Each structure stands twice: as C-alpha cells, then as structure tokens.
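Here's my sequence, what's the structure:
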Amino acid sequence: MSNRPIVLIGAGGIVESAHLPAYQKAGLKVIGITDLDQQKAQDIAKKFNVSNVYDSVHQATIHAPEDTIFDIAIPASELIDLLPTFQNGATLLIQKPMGENIKQARQIEQICRQKGFTANVNFQLRFAPQVTEARQMINQGKIGELHDIEMRVTVYTPWHLWDFLEKCDRVEILYHSIHYIDLIRSFWGNPIGILAKTTKHPEMMNMASSRSNIIMDYGDIKRANITTNHGHKYGLKHQESYLKFEGTKGAIKICFGLLMNYPKGTIDSFEYHILSNKKETEWISKEICGTWFPDAFIGSILNLMEPKEQMDCTVTDAYETMACVEAAYQSNQSSLIPVNS
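Take a look at the predicted model:
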C-alpha cells in the first residue's frame, strides 16, 4: 500500500471525529494541518500528534512534499475560491458535497480538469465496512439478483452542531441524503429520474429542511427508496437507521447505529437472510469489524492512494451524484398532480 503524506485543510468537527481518527487507526502519515482558526488547528494538531500547523493553505502547498494528498474539509461554498490556489497536478480529497448546487459542481469539475488535479470526493459511505461486506455478498450472488434498495432514517439529529447550515438554502438532501443517493449510484449507476419531496420540521423552522422522501427510478423492477426524518425526538425505542438490500434469493439489513443518539451513537448490526427450499431459514447476524465513522474514511483515502484497485470516486463521478441531488430539488419544486374526486 502506498502511504503518501496527508495534509488537512480545515480543522472542524468532522476532521476531529472522523478524518484524523481514521488515519491514525490505519497508520497513515498526517504531516500537517491548517485552518482559518489557528488555535483550533493547534489544538487538534496537539491531540493527534500532527507535526506541522501551517499559517495558510499557500504555506501548506509550498512546504508539503510533492506526493502529498491534500484532504480538504471546508464548507462547500468555499471550494471554488480555494481550489485554484493549489499547484497544478495536486492530489486532492474533497469533502462532500461537491459545492452547494449543480452550477458550483460544474465549476469545481472544470477547475480540477484545468489544473490537472487528481481529485476525489469523499463519499465515504461507499466504504463503510458493513457496505463493503454487503457489496461482496451481492457481487458473489449470495442474495440473487438485487432488485430493492431502501434507506430509512428516523432519528433525532442535533443540527445545531453545524450552525452554518442555518444559512444554507439546501440542507437535508444536500448534506445528508446525498450519502444514500451516491451509495445507490455505486450499485446501480445513474437512475432514469428522481422523484422527491423535502420538508421543514415545525421545531426546526430556521433550517431549510430536515425530512425527505426520495425515489430513484430504475425502471419497472428495481426499486430505490430513501426516507429520512431527523426530528424524531421521542427516545431511542422507535428510532431507525437502516439500509436494506433485497434480492431474488435473500436480503441484507444493516443498522447504522451512528445516526441514533448522535453523536454518541448506538451499536451497529449486520443481518442477512438466504432463502432455501429445503428448510425454513432465519435471519443470521454477522459481526462486522469497524463502523461508518471513522472506518469508512480509511477507505476513501486509500481509494485515492490506490485507485486502480478501488472504485470510481473522482470528481467526474461525484458530479453525477450532484446531478441526482439537483434533480431531487427540482422535483421538490415541481407542481404536484391534484387529486380530483
């Protein structure tokens, strides 16, 4: 495995809770960090034994080795101004989303192409250990032909942890359900179309939206459905956070405990059911080592280090996910068909 040096651009909560713990766990070399808030960068550098705290992105690009991977974790709205400051041919891992809308996504892709960047977008759910296990089982044909993918989230999310979201015109689909849209694309490619509705919550009126229903159209046999509700504050008993795959021979159900009782989280689970003509079968639990945070972030960075052995997470592919997000918002704004009784 290539263990290239990593420099972090940004020292926010996701860096502290996911990026750095993941790289530390994998034994990767993080050689530097920078942030507009120098004190925050100093504190995180001390906590994770990062040797260099740069005064600016410019200083980081000057002093970092030529083969450095720049891991960019800043607000999506700042990407277009930041990316041109990197030297031609740089290697970048860009935190999702790829801009705040399709126009910005297109600009980001153009900048990366013009500057000759090797650039991926960090849609890390693709690399969650439970998803990797499910993908292997599906590719091996263990549940037959995959025809149904469902993601259901009924949780209470403390959105106040990301106060910048209150200023965003788009929230739930762009910053959360985008993970599931991208994940489904990683199995089935681009859908024929998108049908979506995203809504506010009466106790979260300062945010654009916190609940969504999304249908990704893959024809008359395949079903892809995403349902999210981030305002379920009635305890853990009926909270849900699961990804389910159904095939002609079996099914897989993954519970992502991270999203329940966030940020502390609960326990993950992985279950599968294989049909048999010989006897009645039951759901079987399987213990999977690792979880979405931080382990999936290991997969994202290794995918950039060894792209020939992994899947396409380039800005070109990420643009297609952003196009699906854009379609979802356009669907949300379109006129509904009235019911005539």
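
for stretch 31-40, the distance to its chain's centre please.
From the chain centre to the centre of stretch 31-40 is a distance of 23 Å (C-alpha atoms, centre = their mean, to the nearest Å).

swap in stretch 88-98?
14 Å.

immediately after the helix or strand bottoming out on mean pLDDT in the chain, which helix or strand?
When each helix and strand of the chain is scored by mean pLDDT, DSSP states H and E, helix 13-14 comes last, with a mean of 92. Remark: after helix 13-14, the chain's next helix or strand is helix 20-26, criterion DSSP states H and E.

which secondary structure elements does that next one contact?
strand 30-34, helix 295-305 (3 or more C-beta pairs under 8 Å, 6 or more residues apart in numbering; DSSP states H and E). Every residue, glycine included, has its C-beta placed from N, CA and C.

Quick one: closest of those to residue 203.
Closest of these to residue 203 is helix 295-305, at 30.2 Å (criterion: C-beta to C-beta).

List the buried residues in the closest one.
295, 296, 297, 298, 299, 300, 301, 302, 303, 304, 305 (16 or more other C-beta atoms under 10 Å).

Give the single residue among those residues positioned nearest to residue 231.
Nearest to residue 231 among the buried residues of helix 295-305, with distances taken as C-beta to C-beta, is residue 296, at 25.3 Å.

What is the burial count for the residue nearest to residue 102 when sequence neighbours are not counted?
Spatial nearest neighbour of residue 102, excluding adjacent residues (C-beta to C-beta, 6 or more residues apart in numbering): residue 326 at 4.0 Å. As a burial measure, residue 326 scores 18 neighbours (other C-beta atoms under 10 Å).

pretty sure residue 326 is in a strand, no?
No. Counting by DSSP: H, G, I helix; E, B strand; the rest coil, one finds residue 326 to be helix, located in no strand.

related to what we said a few turns ago, could the helices and strands packed on helix 20-26 be laid out in TSV, adding distance to residue 83?
Below are the helices and strands packed on helix 20-26 laid out as TSV (distance: least, C-beta to C-beta, whole Å):
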stretch	distance to residue 83
strand 30-34	15
helix 295-305	16
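
Which one, of those, ends up nearest to residue 143?
Closest approach to residue 143 among those is made by helix 295-305 (21.9 Å; C-beta to C-beta).

quick one: contacts of the closest one?
1-4, 6, 18-19, 22-23, 25-26, 28, 69, 71, 91, 93, 118, 120, 122-129, 131-132, 310-311, 313 (C-beta atoms under 8 Å, 6 or more residues apart in numbering).

can I get the helices and strands packed on helix 20-26 in a markdown table with distance to residue 240 and mean pLDDT?
As requested, those are arranged in a markdown table below (distance: least, C-beta to C-beta, whole Å; pLDDT from 0 to 100):
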| stretch | distance to residue 240 | mean pLDDT |
| --- | --- | --- |
| strand 30-34 | 35 | 98 |
| helix 295-305 | 20 | 95 |
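
right, and the ones you listed - which one's nearest residue 198?
helix 295-305 (24.4 Å).

And this structure, split by domain according to the record?
6-123, 126-295+327-331 (automatic domain parsing).

Of the ones you listed, which stretch is the most buried?
domain 6-123 (a mean of 19; mean count of other C-beta atoms under 10 Å).

First-to-last residue distance for it?
Separation of the first and last residues of domain 6-123 by C-alpha to C-alpha, to the nearest Å is 18 Å.

when you give positions from now on, start the count at 618
Done: numbering now begins at 618, and the last item shifts to domain 623-740.

Note down every partner strand of the helix or strand containing residue 844 and its orientation.
Under the criterion of DSSP H and E, residue 844 resides in strand 839-846. According to DSSP bridges, strand 839-846 forms sheet pairs with strand 763-771 (parallel), strand 828-835 (antiparallel).

Contacts only, for the closest residue to residue 660 other than its chain neighbours.
Closest residue to residue 660 apart from its sequence neighbours, by C-beta to C-beta, 6+ apart: residue 628 at 7.9 Å. Residue 628 sits next to 650, 651, 652, 654, 657, 658, 660, 661 when contact means C-beta under 8 Å, 6+ apart.

And stretch 921-937, what's buried?
Of the residues in stretch 921-937, 921, 922, 927, 930, 931, 932, 934, 935, 936, 937 count as buried by neighbour count, 16+ other C-beta under 10 Å.

Pick out whichever of those residues sits closest to residue 843.
Nearest to residue 843, judged by C-beta to C-beta, of those is residue 937 at 16.5 Å.

Can you show me the CA trace of the strand or helix carrying residue 726 as CSV?
Taking DSSP H and E as the criterion, residue 726 maps to helix 719-731. C-alpha atoms of helix 719-731 as CSV (Å, rounded to 0.1, in the frame of the first residue of the first chain):
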residue,chain,number,x,y,z
ILE,A,719,-25.0,21.8,-9.8
LYS,A,720,-23.6,25.1,-11.1
GLN,A,721,-20.9,25.0,-8.4
ALA,A,722,-20.3,21.3,-9.0
ARG,A,723,-19.7,22.0,-12.7
GLN,A,724,-17.2,24.8,-11.8
ILE,A,725,-15.4,22.5,-9.4
GLU,A,726,-15.1,19.8,-12.1
GLN,A,727,-13.8,22.4,-14.6
ILE,A,728,-11.2,23.7,-12.2
CYS,A,729,-9.9,20.2,-11.4
ARG,A,730,-9.6,19.4,-15.0
GLN,A,731,-7.9,22.7,-16.0
